[in-house]
Every structure is written in structure tokens, then in C-alpha cells.
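Engineer: Next comes the sequence, and after it the predicted model I'd like to discuss.
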Protein chains: 4
Amino acid sequence: MLRIGVIGYGYWGPNIVRNFSTANGSEVIMVCDMNQQALKKIKKAYPQINVTDNIDELIKNPEVDAIAIVTPVFTHHELAKKALEAGKSVFLEKPFTYTVAEAEELIELAAKKNLKLMVDHTFLYSGAVRKIRQLIDDGILGDLYYFDSVRVNLGLFQHDVNVIWDLAPHDISIMDYCIDEKPQAVVATGVGHFSRGLEDVAYLTFYYDHNIIAHINVNWLSPVKVRTTLIGGEKKMLVWNDLEPDEKIKIYDKGVKVKTKEGQYNLLVDYRSGDMWAPKVEQTEALKLMAEKFADYVKNGEPIVNDGIAGLNNVKMLQAANKSLKNKGAMVNI
Amino acid sequence: MLRIGVIGYGYWGPNIVRNFSTANGSEVIMVCDMNQQALKKIKKAYPQINVTDNIDELIKNPEVDAIAIVTPVFTHHELAKKALEAGKSVFLEKPFTYTVAEAEELIELAAKKNLKLMVDHTFLYSGAVRKIRQLIDDGILGDLYYFDSVRVNLGLFQHDVNVIWDLAPHDISIMDYCIDEKPQAVVATGVGHFSRGLEDVAYLTFYYDHNIIAHINVNWLSPVKVRTTLIGGEKKMLVWNDLEPDEKIKIYDKGVKVKTKEGQYNLLVDYRSGDMWAPKVEQTEALKLMAEKFADYVKNGEPIVNDGIAGLNNVKMLQAANKSLKNKGAMVNI
Amino acid sequence: MLRIGVIGYGYWGPNIVRNFSTANGSEVIMVCDMNQQALKKIKKAYPQINVTDNIDELIKNPEVDAIAIVTPVFTHHELAKKALEAGKSVFLEKPFTYTVAEAEELIELAAKKNLKLMVDHTFLYSGAVRKIRQLIDDGILGDLYYFDSVRVNLGLFQHDVNVIWDLAPHDISIMDYCIDEKPQAVVATGVGHFSRGLEDVAYLTFYYDHNIIAHINVNWLSPVKVRTTLIGGEKKMLVWNDLEPDEKIKIYDKGVKVKTKEGQYNLLVDYRSGDMWAPKVEQTEALKLMAEKFADYVKNGEPIVNDGIAGLNNVKMLQAANKSLKNKGAMVNI
Amino acid sequence: MLRIGVIGYGYWGPNIVRNFSTANGSEVIMVCDMNQQALKKIKKAYPQINVTDNIDELIKNPEVDAIAIVTPVFTHHELAKKALEAGKSVFLEKPFTYTVAEAEELIELAAKKNLKLMVDHTFLYSGAVRKIRQLIDDGILGDLYYFDSVRVNLGLFQHDVNVIWDLAPHDISIMDYCIDEKPQAVVATGVGHFSRGLEDVAYLTFYYDHNIIAHINVNWLSPVKVRTTLIGGEKKMLVWNDLEPDEKIKIYDKGVKVKTKEGQYNLLVDYRSGDMWAPKVEQTEALKLMAEKFADYVKNGEPIVNDGIAGLNNVKMLQAANKSLKNKGAMVNI
């Protein structure tokens, strides 16, 4: 049983506490938050969990095997470093860190101390993403053409980061998990509409080798919630609508073959349009599955898809996208 | 009765002939196409229309008052110039021309000869776009935040232009009609997946003053057809789904107010989420209405929204977008 | 080439004329209508077709091989009888006749004169219904449990028949084509809301042997248009949404196994919930295909699924349903 | 604070315990279930709640002010009677009782003992149904034409009652709440497909005066879940789709005016088709609101819409529908 201490009980913390409490292989034994109201809520819901507003008390608690950090991104590096130095493996809320340098330092430190790092890329544990990965692995889609993801809704505005840092880590983690290459460069555009200057609408294009392109549309000012990803492949094309209660993934037997002949006016294009197929997608709670993998990773070293390296890659792309955004779309190499 | 000659009877030509034939105020008296099969089809469907494969015969026909050019964009300038020089007003398929210089020359020539130019921005005559324009005029949406348009489907691949020149003229014409400013710059990304090198997936971001941003997603390789535009405004937000048979436009009484206070950790955001309203949208055929406006424009000088200047603006944005695309997203001023 | 005379050029007549004109194997040579405006329209659209307002002139025209009757149901029997007596095969708009006796007389007469009868059950020629029939034939659905069809919209109110006679012939023809048994009895309910007394909302339940049940919901007063049929089978279940542009048919690998044990409180039920699959459905125009089958039937005796017997069966069910409706749901044997 | 004892902790019991625990004005102090596993679950989730497998212990507990009965319908009468005789007000799961006689006896007994009865017609406390009721009260819909409800899905099969007793209480309670009249008669059809003989597909038609008709389609064998109600009115028409996360209710400014003239062949019908409007619907949890109303009802006699009389009316209609079902649609007066 992995004994976990959780730092941060704000918007997302309760989900982390609930899942690490009920997952096989782990239990939450202590939670730290500055806010006394939050501590009262924990005590009411989980009388057996100790609470504190003193971070050091949690980090140095010898009963605690590993620490989950569910705080704003600006605090990740400092808290995680302290935890690692205290000999605890660390679970970090996404985004992993705010800079590439911070991420690299944590990875190095963890390696030195033989500790583990996991970043909360929850979607990689959802039935839908695991099914998509499997379809790609099995060659069902063929060579990939593009990955096009839309994640828009009204709010929740973050007070400290723009919409890229808030929403795009999800899409980037999924994209990075599904595509067997790393992007070469990114172009990002966007604007903010309120005085504080944080962008609330942004568009990211990632260039890969082999003509693969990925695009991410994130927006805090949409009247409707959209969570849709299109993946085009040579053999099949896929639409994932995460808001569908059933039939989240639809696979289309559609495609095109283009032939060009020297000196020919008309293009020869064959269109293929066949059946559509919606495979059953497992309905397991992703967060709970991830919590179980964390225990397994810390205790048995069982490899995971969202380790520190995955976190670092995510931050690399976020940081590059943010740099491009600030330069109105100037391409930034990754 | 405006007597019209039509050049080109390929994919779109039959729609032009049908609508200029049935519209009040105009009739088609001659059609020119190189393809003898096309000419046979016309004769069968419209025994009263003269056909020819000789462009000069049509252009110089004294019975012809105005000429509709429904041919590939590369031929627009040459054909339109000839027509204007022969004293005929001209209706041009979109995109207006392939370069800004060509567009400017045609406008100048038409002005000199006191002739009229119209470009086929059909959507501006649809019930949906006219309703959106009216909602903006009436101040219903308030100040605009963003315009986000998706136009994707499988094919039709064009043999001579990329997906931007094929699909984006629609979105750009609508955007230009709905937003009371001109964009300052554009960033475009995209790739092609077939040997001929024409981009089949592309993403365009237009920067405006006052933090308005417009984004256009065009794709010939999508398994599903999408025609959706989101428009965010300070007072209301709008979703236009052109594939809905009814309720094409939905207006959401949703919004956000952001207040920041010096030194305050938590952001103060008020979300407003009220009723949704789908106004009735007129179901008139846009192309027919446009044909009637053309006759009115040529004969009475009644102003239109899709004159040569509108065509020129459209080409300016297309040309700039294409330049940015070739430079992997480098911002291009318009 | 089967030369066809058409009686009736009202709401549906133009579709019949257009399709019998363009179908392989037939041509329309004469149309009769009482309305002079209708005759003018025909002359304009089809200069080569002769028109008349004298039914006898059409029926006795020796150039006419077969007659399509596209008039109100009350006139079907008289007109079809005349046509058969004049030696012409007959295509009849649905519903076939208004009484079973009328239908039987026409069938007998046609047999005696060695002529053919076809009823306009258009849907049997649609890609969707042919696919459904094929899925049932191939045993994909297994034994059928139920057939549940909804056909509702606003209007078009008929002046002479209630909503059952107007809309239910479609559902009944499809049901009768897809289910390999004949219903034993029908229960129908409904009301009318306007002074003339014709029902505008109605619900029909057909009882079959083997616990198959069919239900049809027809309504002229619905704010939304619905065209959806659910078919439950032992092995698979199917949803046909005819308003979907693509993916009209969805097949669900879902089912249930119920086991009961004597004296056991809890029911043992196994639920199966697997993939969904949307087979490609052919997009051919049903009416044109039917027109071609008519020519083939009349000239070569090639069997069809919508002959006089099919029309008779349809009328049997309509008449029984109407009788039940008038008796507020009293069961009527068929 | 109303102290509540709950009998039954099976499928629905946990929801009742959770809501009566968190609602203002009540707390759960004891739960009874035969199943020891269920008791363990309660103890884990609610250490402060006493548990027992002895019904009398709960009913006679002087600390208990009121009793919630969440058991199969066959036990409702006996348990509620005992509770009332012990001086406790009673909350009963739907359906209220299995027979009209049982319902009447409970109402009489409660009145005699000055105790209160409430039946779990949860939907009456949902934002959607309250909005619909308000729209009708405000005259927005005008005179009602019809109420047409579909409630179908795969399972959950009940072991003791058919699909009418399981699903239709919801629709009947909503219908009864929204329509200002009582139905005169019912016609019900349906069949079962498994050996035990319980109907799993059923269709109910309720006849009202003034040509109002209500129809309910319930089905345990549908591959898709549908929760849709159409309400047609003279002035407006309404569609309620309870599965929509937003825009649950859509109001259509659509209608029809029918005029008939003596001796006139063509019907004069005016169709009206205007805007659609989706009012904001409150997202409060219906069950919690109902729990608060129960406490208010028991303590202060504040009138409610789901008292014993509402339960009785519901059972009257269920019993009549079931009788009609057994007689293959023979009309049964209510």
C-alpha cells in the first residue's frame, strides 16, 4: 500500500484525493492546503486523513511514501524538488513544470535519488485514447496525415496562465502519445480580450516530418463545449468526440488516392467512402486507473506513459508554443 | 432583361446558368465551353440557349450585355479583361483573381469603362449570413472577440490550387462582410500529403485591431463534413452550423466578465449563462438572389456587397495567407 | 421503351413525371390534369409531352402502354379500373386503394387481362430499406423483437384523409417488407384537433405471432421532423434515421439474455454491449430505381416487391387500423 | 431537523440516503436492509448512521420521525401501513403502491393519523419539468394538443414488474403534472420476449377531454437511450430532450391553422414557422430539492405536488394501463 500525501485541495485536488484513496495499491494519509475551509472539507469527507497547512510537515512526514502536487504550475518545481530531496516519489498535476529547465532538473534529481515522477496526463488512461493508440499500433489508420483537436468552452479562466497552459497540455499529451514522432516546430497564434493580458483564444500548429501536421484549437470564450479530435490516416480516418456518452470514437473507411500525370489538366483522384465503425470503448475511470499505475510504478518500476520524460516533452511544446504566440506566429523549433 | 453570356460549364457552371436563367431581370443567351459534351448537355437542358466553343464569339456577341466567367482562377484576369474591353460587365467566379495586381487592374478598367464587376461570394446572399450581419448591425453580439470557422470534408481536390484558394474564399468573404474592420496580418500553416505538392490541410489566423482574431480551418481530407462558425461577442455568442436543416444559427446569452485586482491571487470572473435563441433564417436560394442583384447592379447601379473591391480584398487576404503558408507561418501584413 | 401516361400533376405528380422520363426503359408521353395551370407548367418543363384535361383521352390513347395514377386515393379504384379495362398496366400512388374490396377487384381484373399493377411504395427502393432487408435476410439481426417507427412533422395536412392514410402507408410498407410474417391484429389510437374531424395524431400497434410487435407513430403537428425506426433483434439492434445525410443505419451489437430460476428473487440478466457499425448505404434515387423496375415488370414480368398484392396488404392494415382508431383502440383482426 | 429512517439500500436506496443526508432540514439516522453487504457499505460511507436488518427495529425507533421506503412495489403497502401506524410520516419510492385499493387505504390512514405521505416522483423537481409547467401556466403553449413521451434504453430488467410499472410512472407523473385535466381512459399494448412473461416493450395512449391525447413509449430492449417528450400546443410546441446536457427544452414558434369551407376541395391551412428558443433550465439536483420539500411538508404542512393523492392518481393510471395491456388494447376507463 503506497501511502500518499497530497499538496493542494482546490479545484482538482478532491479528484486526486478521491482516486488515490479508492485505487488499489494506494491510500491518502495526509493532505496539505493553506485554506482552512479546504482542510475542514477534507476532515468531513475523510475523517481518517490527516490535514495540515504546513507543507514541510507533509513533505517530511516519514509515513508518507509519495507526494501528489496539485497546485498552480508556478509552484511545481519548488515543491517537487523539496519532495524528491526528502526521498519521496512525486505525482505532478499538469502542466509538469513551467519551464524546460525546471523539468530537466526534476528528472535528473529523481534519477539520482532513484525516485519516480509521474505527470497527470489523465487522458492517456481513458478508454478512448487507449483505443486510438491501439488502432494506430494495429495499423488500422495507416500512415498519419493530420491530428486536429478542438477543446473549447466557456471558462474556467485561470488567474495565472493563459489558455494554452491551461487546456493544451491535454491535447499535446494525447498527440504526443498517438503520433510516433516528435514535432519539429510549432506556430501559435491567439489573443486575450481582458485587461490582464492572458490569451483566452489560441491556435497551435505543430509541424512533423513526413508531412504530418497537428493543430490544436483552445478557447475559453466559446458558448458551446467542444471536445473533438479528427485524425486522418492513409487507410482510415477517425473522429473522437469525447462528449458523446456512447460511440465516442468513429472510424471511417474513407480515403483518397491522388495521381498526377505530367501535362494533364484534370487531376485523377479516387475517393473511397465505405462503412463507419464505432468500437466499444472501455468506460473505466481514467484517473483511478492512473492512480493504480502510479503505485505500480513507484513500487515495481512498471513503465508508464506519463513519466517525467513525457512531462518534459509536454513542457517543451508548451514553452515553444507560448514563445511563438508571443511573436505572433513566428515558427519556433522544438 | 439583362442578357448574359456564360463562359465555363464545368462543376459550377450549371448552377450559374440555371440561376441567371430563372432569376428576375436576367436571362442566359449564350454559353461557351471547350468541351463538346458540356455543350450538348446545355442544348438538351436549354434548347433556347446558343452554345459555342469560341470565347471570342461569345465576348464579341452584341446581344450579350454581361458575361459570367466560371472558369479556373488562372484564366479570370485574361477573360475578364477581354470582356470589359468589349464593353461587357462581368460576373466572376470566386476567387476573384489569382493576384492582387490582376484584381486592381480589372477594377481600374471597369471604372474607366463605367462597367460593373461582381464576384461570386454566394454566402453573402444566404439567409444565415444576412441574419448574422443584421445581428451584428443591431448590436446584439456587442463588440466582437473572435470569428472561428471550420470548412472541412473529403475532397473535392482541385487540380490547380491548394485548399486555401479553393475553400477559404468562402470563409474570408463571410468574415470580411461580418467584421467592420480589415485584418492587419495573417499567419497560415498547412501541408500537402500527395506528390503534387498542393496543400490539402490549412489553418489561417487573421489578426485585427482591438483584439479581434479570426481563424479558418480548411481541410480536403476530413472523413466528416463540417461547416461551423463560432462568433464570440461581448454581449452574445453565436454558432452557425450551415449543415443544420433548421436552426442554422444559435445565439447564446453567454459571456464572461473578468476583473483583476492588484495583488490578488484569485481572479474574479463572472460567468453569464442564459437562454439560447435560434432565429428563423430565410430559406431563399442565395445564388438566385445574387443573380437578381447582379442585374440590378449592372442596370441601375444599385450597390452590392460583392463588387470588385470585395473581390480584391478577398484576394489580398488569400495571397497573404498563401505567402505565410509557404513560409511556415511567418506573419504577413495585409 | 414503355410509354407512360400520367394522371395527376399536383404535389407528387412532378416527381413521377420526372423519374419516369429519365429512367431507363420508360418515357412519359402524356399527362392529364384538370388544372390548366398544371398543364402549362408541364408544357414549359417538358415541351415534348402531350397534355390534356380529359382523362378518357389519356386512357384511350393507343400510344400509351401504361398509366401512372397520382391522384387522391378516393379516385384510385375508378381510374385504375378504367385503365385496366383499356388494356393498360397501372402504377398507383400510395395508398393503393381506399378499401380492401377495391384492391381485390383491381388485382383480379389485372390478372384476368394479364396486366400489371404496381403501387408507389418508394421506400422499398431506397438504399436504407434494401440494406435493412439484406441484414435481416443474412441473419445479422436474428429473430426480430420489435419494429418501432416514428414519422412526424408539421403538416402537410391532407384535405381528404387522416394522418394514418397519409403517412402510415410508408411505415406499413417498410414493416411488411422487413418482417417475414403478417400481423394478426392492430390497435390504433389518435385524435384530430380541428373542426373537420380528421385525425392528425395517431399511434398504431401491430401484433404478430412469435411476440413480434410493431408500432407506428404518425403526427402532423410535430414542431420537429423525425424519421426514425428502431428494430430490435435477438442478435443485433438497429436504428435507421432517414434524416441523417450519412450513417443512416446504425447496427448495435447489443442484447440481453434473461434467465429465471424458480423461487429466485433476483433476475439473472446478461447484457451485451459491443461495437456499433454503420454500413455504407447506396445513395441511388429510390423513385428512379422504382420507375425502372416498373418498366421491367410490365415488359418482362420481372417480379417486384410492390405489386398489387403488396398494395392490398397495405390497404388491409390501413383499413383495420382506421377501424380500430374509430373504436378508440379496440383490437381489429387483419 | 427531520430524522429519517430508510428501508432498502439496493439500486436506488443509496441516492435516497445521500440526498436526505445532505438536504437542508433532514438527516438519515438509520437504514434497514436484509442484505449484510449493503449494511457494511452504509457503515463505511456513513459511520454515523445506524444500521439494522430488522424492519421493526427501524419502524419502532422513537428517534425516527419519518420513514423512506425504497423497496420493491409489492412491499410498499405493508411497510407504509406499519410505519403510519407507528406514527411516522412516509416517503415512498415510485410506484406508490401496486393497487388503487392499497393507495387509498394509505391515504385514509395518513389522514386519520394526521401524518404525511410523499411519493418519489423525482422529475417533478427537475429544472426541466418545472420550466415546462411554468410555460404552460403562463399560457405560452396555449391549449394543449398532445403529450408524447419516449423512454427507452437497454435494461434494467426488473424481476417483479413489467416495463410499464418500471418506467411509465415517470412519464405519467410528468404528464399528470403538466396537463390540467385527468385522462378519461387508456389503451395499452405491448409484449414480452422472454419466458417469464413480463412485457419489455409497451405503448400507452391516454385519452383526455378536449381532444388532448398523451402517448408513452417504454422499452427495455432499445439499443439507444432516448428520453424525449414532445408537447404540442395551439400557440407553441415544445421538445424536451432530457439527455441534452444543455438546451434540454426547445420551444418552437410553430403552428397550424386549418380552415375548411363547405364544398371546397382544397383545405386551407396556414403554417406558422418562426424562431426557436431554449430557455435556461435550472441545474439543481431534483432529488435533493425533493428531500427538502419532504421535510417542509412533514414539519410545516407546506403543500407539495407529489403527495399521496398524486401517488394514487399515478397508480390508477398504471393499473388501468396494465389491464388494457393484458386485454390487447381494450380501452379501460380511469
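Structural biologist: Thanks, I have it. Residues are numbered from 1 along each chain as shown, chains lettered A, B, ... in the order given.

Engineer: Going by C-alpha atoms from here, please, whenever you check contacts or count neighbours.
Structural biologist: Noted.

Engineer: In chain A, where is pLDDT below threshold?
Structural biologist: In the predicted model, chain A carries pLDDT under 70 at residues A:260-268.

Engineer: which bits of the stretch 101-250 of chain A sit near chain B?
Structural biologist: Within the stretch 101-250 of chain A, the residues that sit near chain B (Cα under 8 Å from any Cα of the partner chain) are A:145, A:154-155, A:157-159, A:187, A:189-194, A:196, A:205, A:211-213, A:221-223, A:230, A:232, A:237-239.

Engineer: Which members of those residues are classed as buried?
Structural biologist: A:145, A:154-155, A:157-159, A:187, A:189-193, A:205, A:212-213, A:221-223, A:230, A:232, A:237-239 (16 or more other Cα atoms under 10 Å in any protein chain shown).

Engineer: Among the residues you listed, which lie within strands?
Structural biologist: A:145, A:154, A:187, A:189-191, A:205, A:213, A:221-223, A:230, A:232, A:237-239 (DSSP state E).

Engineer: mind checking the longest helix of chain A?
Structural biologist: helix A:308-326 (DSSP state H).

Engineer: Do the helix or strand following it and chain B come into contact?
Structural biologist: For helix A:308-326, the following helix or strand on the C-terminal side (DSSP states H and E) is strand A:332-333. No. Strand A:332-333 lies apart from chain B when judged by Cα under 8 Å from any Cα; the minimum separation is 10.0 Å.

Engineer: what lines up beside strand A:332-333 in the sheet?
Structural biologist: strand A:185-191 (antiparallel) (DSSP bridges).

Engineer: Can you check what angle separates the partner strand from helix A:308-326?
Structural biologist: 50 degrees (axes from the mean of the first three to the mean of the last three Cα atoms, to 10 degrees).

Engineer: And strand A:185-191, how far out from the chain middle?
Structural biologist: 19 Å (Cα atoms, centre = their mean, to the nearest Å).

Engineer: ditto for stretch A:32-45
Structural biologist: Its chain's C-alpha centre and that of stretch A:32-45 lie 27 Å apart, by Cα atoms, centre = their mean.

Engineer: what's next to that stretch, contact-wise?
Structural biologist: Stretch A:32-45 has contacts (Cα atoms under 8 Å, 6 or more residues apart in numbering or on different chains) with A:5-10, A:31, A:49-55, A:58.

Engineer: next one: stretch A:66-73
Structural biologist: A:2-10, A:12-13, A:59, A:76, A:79-80, A:83, A:88-98, A:160.

Engineer: Please flag which of those residues sit within helices.
Structural biologist: Per DSSP H, the contacts of stretch A:66-73 map to helices at A:Gly13, A:Ile59, A:His76, A:Leu79, A:Ala80, A:Ala83.

Engineer: Enumerate the strands of the stretch 51-200 of chain A by residue range, in sequence order.
Structural biologist: A:66-69, A:89-92, A:117-119, A:144-154, A:185-191 (DSSP state E, counting those that start in this stretch).

Engineer: Throw these into TSV and include distance to D:Met290, thanks.
Structural biologist: Listed next are these as TSV, based on distance: least, Cα to Cα, whole Å:
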stretch	distance to D:Met290
strand A:66-69	39
strand A:89-92	41
strand A:117-119	42
strand A:144-154	30
strand A:185-191	46
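
Engineer: Of all the residues in stretch A:114-124, which ones are buried?
Structural biologist: A:Leu115, A:Lys116, A:Leu117, A:Met118, A:Val119, A:Asp120, A:His121, A:Thr122, A:Phe123, A:Leu124.

Engineer: which residues are contacting that stretch?
Structural biologist: A:84, A:87-96, A:107, A:110, A:129-130, A:169-170, A:173-174, A:177, A:286-287, A:290, A:294, A:297-298, A:305-308, A:310-311.

Engineer: Next: stretch A:162-180.
Structural biologist: Stretch A:162-180 is contacted from outside by A:94-95, A:121, A:123-124, A:129, A:132-133, A:136, A:144, A:147, A:149, A:151, A:157-158, A:182, A:198-202, A:214, A:216, A:218-220, A:305, A:310, A:314, A:317-318, A:322, using Cα under 8 Å, 6+ apart.

Engineer: these two touch, right, A:Tyr252 and A:Pro279?
Structural biologist: No. Checked against Cα atoms under 8 Å, the pair A:Tyr252 and A:Pro279 is beyond contact range at 11.4 Å.

Engineer: which of those two has more neighbours?
Structural biologist: A:Tyr252 (24 against 18; other Cα atoms under 10 Å in any protein chain shown).

Engineer: list the contacts for the more buried one?
Structural biologist: Neighbours of A:Tyr252 in contact, by Cα under 8 Å, 6+ apart: A:Lys236, A:Met237, A:Leu238, A:Ser273, A:Gly274, A:Asp275, A:Met276, A:Trp277, B:Pro223.

Engineer: Tell me the secondary structure at it.
Structural biologist: strand (DSSP: H, G, I helix; E, B strand; the rest coil).

Engineer: hey, what's it bridged with?
Structural biologist: For A:Tyr252, the beta-bridge partners are A:Met237, A:Met276 (DSSP bridges).

Engineer: How is chain A partitioned into domains?
Structural biologist: Domain assignment for chain A by automatic domain parsing gives A:2-115, A:127-283+A:316-333.

Engineer: for A:Asn211, what are its contacts?
Structural biologist: A:Tyr145, B:Val191, B:Gly192, B:His193.

Engineer: Helix, strand, or coil at the nearest residue to A:Gly255 once chain neighbours are set aside?
Structural biologist: Once flanking residues are discounted, A:Gly255 sits nearest to A:Arg272: 5.0 Å by Cα to Cα, 6 or more residues apart in numbering or on different chains. Three-state assignment for A:Arg272 (three-state DSSP): strand.

Engineer: residues in contact with A:Arg272?
Structural biologist: Contacts of A:Arg272 (Cα under 8 Å, 6+ apart): A:Asp253, A:Lys254, A:Gly255, A:Val256.

Engineer: most neighbours, which of those residues?
Structural biologist: A:Lys254 leads these on contacts (other Cα under 10 Å) with 23 neighbours.

Engineer: Find the closest residue to chain B in the stretch 101-250 of chain A.
Structural biologist: Among the residues of the stretch 101-250 of chain A, A:His159 lies nearest to chain B; the distance is 5.0 Å by Cα to the nearest Cα.

Engineer: Distance of that residue relative to chain D?
Structural biologist: Using Cα to the nearest Cα, to the nearest Å, A:His159 is found at 26 Å from chain D.

Engineer: rewinding a little: can I get the longest helix of chain A as CSV, trimmed to CA atoms?
Structural biologist: Below are the C-alpha coordinates for helix A:308-326, written out as CSV (Å, rounded to 0.1, in the frame of the first residue of the first chain):
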residue,chain,number,x,y,z
GLY,A,308,8.9,12.7,-16.2
ILE,A,309,10.1,12.5,-19.8
ALA,A,310,6.6,12.7,-21.1
GLY,A,311,6.1,15.7,-18.8
LEU,A,312,9.3,17.3,-20.1
ASN,A,313,8.2,16.8,-23.7
ASN,A,314,4.9,18.4,-23.0
VAL,A,315,6.5,21.4,-21.4
LYS,A,316,8.9,21.7,-24.3
MET,A,317,6.0,22.0,-26.7
LEU,A,318,4.0,24.4,-24.4
GLN,A,319,7.0,26.6,-24.0
ALA,A,320,7.7,26.7,-27.7
ALA,A,321,4.1,27.4,-28.5
ASN,A,322,4.0,30.1,-26.0
LYS,A,323,7.1,31.7,-27.5
SER,A,324,5.6,31.5,-30.9
LEU,A,325,2.3,33.0,-29.6
LYS,A,326,4.2,36.0,-28.1
